[in-house]
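**Q** This is the structure alone, sequence omitted:
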């Protein structure tokens, strides 16, 4: 089954919820970045959140970037998503290995530790909107819950999970983002708090084989649920040799001339998908003419 997101609400539209299954895209990210289990879990959680938050955007060309800069050994994670839930991302130190947490789980909190979460929304204006908060746990779901409450003033609950097989491939990945409308009643809030407080972990829910629709119904237990939309999601990078060429042009004539004087081909790597682009000296001379 391909990865997808469902968007749903209760019948009174006091709640909106997004739930996703992202096993395939997280496994693809693991393969191309050769991430360790804890790095896979950290990147997978942020990719899952990015896909859901990307699908929340209103404009077709809107781009969302989630960026974590942290003191933990992983050092940083960057994820970018578009409004169609195409998502891509990378972790700065994919090789990080850590012992399990005291609970016997992958210790994402220790891998990330203290730092800053930035949410950058490019909606085609002159300047993108940037919201920023300190990390509260490094576990990513709690950090996003805190971001929504403080930076966007939206009461939310975020749950994310990545479960690994013994051979370090991805067994399950997914999550949900629940948000309350400003007019949500105290009764609704109280009911949700009790239900969410009693939920098993996201990895447990995923390992039970629950679909995004099942997760929505479990989170909104006791509410009449309306599934509004089913959105495919995938790891997708839009890099290409022509886009990289434009980037080389942007660095300026002097730097391109220096590359040509070196007399060797250059290799440019894409952080997001690990694609390699090689430009010969002759190609660099052609690029130089375009830069003049």
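**A** In hand now; what should we look at? Note that the structure is a prediction, hence the values are computed from the model and not measured.
**Q** what ranges do the strands span in the chain?
**A** Using DSSP state E, the strands found in the chain span residues 4-10, 15-21, 63-70, 76-82, 86-91, 115-122, 129-134, 156-164, 170-180, 225-232, 234-235, 266-269, 276-279.
**Q** out of those strands, which comes closest to residue 50?
**A** Proximity to residue 50, assessed across these by Cβ to Cβ, is greatest for strand 76-82 (3.9 Å). Where C-beta positions appear, they are placed from N, C-alpha and C, glycine not excepted.
**Q** How far does the closest one sit from its chain's centre?
**A** The chain centre lies 5 Å from the centre of strand 76-82; the measure is Cα atoms, centre = their mean, to the nearest Å.
**Q** cool, stretch 284-292 as well?
**A** 36 Å.
**Q** Tell me the buried residues in it?
**A** 284, 287-288, 291 (16 or more other Cβ atoms under 10 Å).
**Q** tell me the mean pLDDT over it?
**A** The average pLDDT within stretch 284-292 is 84.
**Q** contacts for it?
**A** 245, 248-249, 252-253, 256-257, 259-260, 266, 279 (Cβ atoms under 8 Å, 6 or more residues apart in numbering).
**Q** ok, back up a step: export the strands of the chain as TSV, with columns for distance to residue 150.
**A** Shown next, in TSV, are those (distance: least, Cβ to Cβ, whole Å):
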stretch	distance to residue 150
strand 4-10	24
strand 15-21	19
strand 63-70	16
strand 76-82	20
strand 86-91	23
strand 115-122	10
strand 129-134	5
strand 156-164	11
strand 170-180	14
strand 225-232	27
strand 234-235	29
strand 266-269	36
strand 276-279	40
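**Q** Pull up the gap between the residue nearest the centre of the chain and residue 182, please.
**A** For the chain, the residue nearest the mean C-alpha position is residue 47 (2.4 Å; Cα atoms, centre = their mean). Distance, residue 47 to residue 182, using Cβ to Cβ, to the nearest Å: 29 Å.
**Q** Residue 257 now?
**A** Distance from residue 257 to residue 182, by Cβ to Cβ: 57 Å.
**Q** the more surrounded of the two?
**A** residue 257 (14 against 8; other Cβ atoms under 10 Å).
**Q** List the contacts of the more buried one.
**A** So, once contact is read as Cβ under 8 Å, 6+ apart, residue 257 ends up touching residue 288.
**Q** Do you know the pLDDT at it?
**A** pLDDT for residue 257: 88.
**Q** repeat for residue 211
**A** Confidence score, pLDDT, at residue 211: 95.
**Q** And for it, nearest residue in space, chain neighbours not counted?
**A** Among residues not flanking residue 211 along the chain, residue 21 sits closest, at 6.7 Å (Cβ to Cβ, 6 or more residues apart in numbering).
**Q** which outside residues touch stretch 80-90?
**A** Contacts for stretch 80-90 (Cβ under 8 Å, 6+ apart): 5, 25, 29, 33, 43, 46-47, 50-55, 57-66, 77-79, 231-237, 271-274.
**Q** mind checking the end-to-end distance for it?
**A** End-to-end span of stretch 80-90 (Cα to Cα, to the nearest Å): 9 Å.
**Q** Could I get the buried residue list for it?
**A** 80-90.
**Q** and which of the residues you listed is nearest residue 137?
**A** residue 89 (19.8 Å).
**Q** what's the nearest residue to that closest one if we skip its chain neighbours?
**A** Distances taken as Cβ to Cβ, 6+ apart place residue 79 nearest to residue 89, at 3.5 Å, with adjacent residues excluded.
**Q** Look up how far residue 106 lies from the one you found.
**A** On the measure of Cβ to Cβ, residue 79 and residue 106 end up 18 Å apart.
**Q** ok now do residue 3, which residues does it touch?
**A** Contacts of residue 3 by Cβ under 8 Å, 6+ apart are 20-25, 51, 232-234.
**Q** ok, of those residues, which come out buried?
**A** 20-25, 51, 233-234.
**Q** Please consider this matter closed, and thank you.
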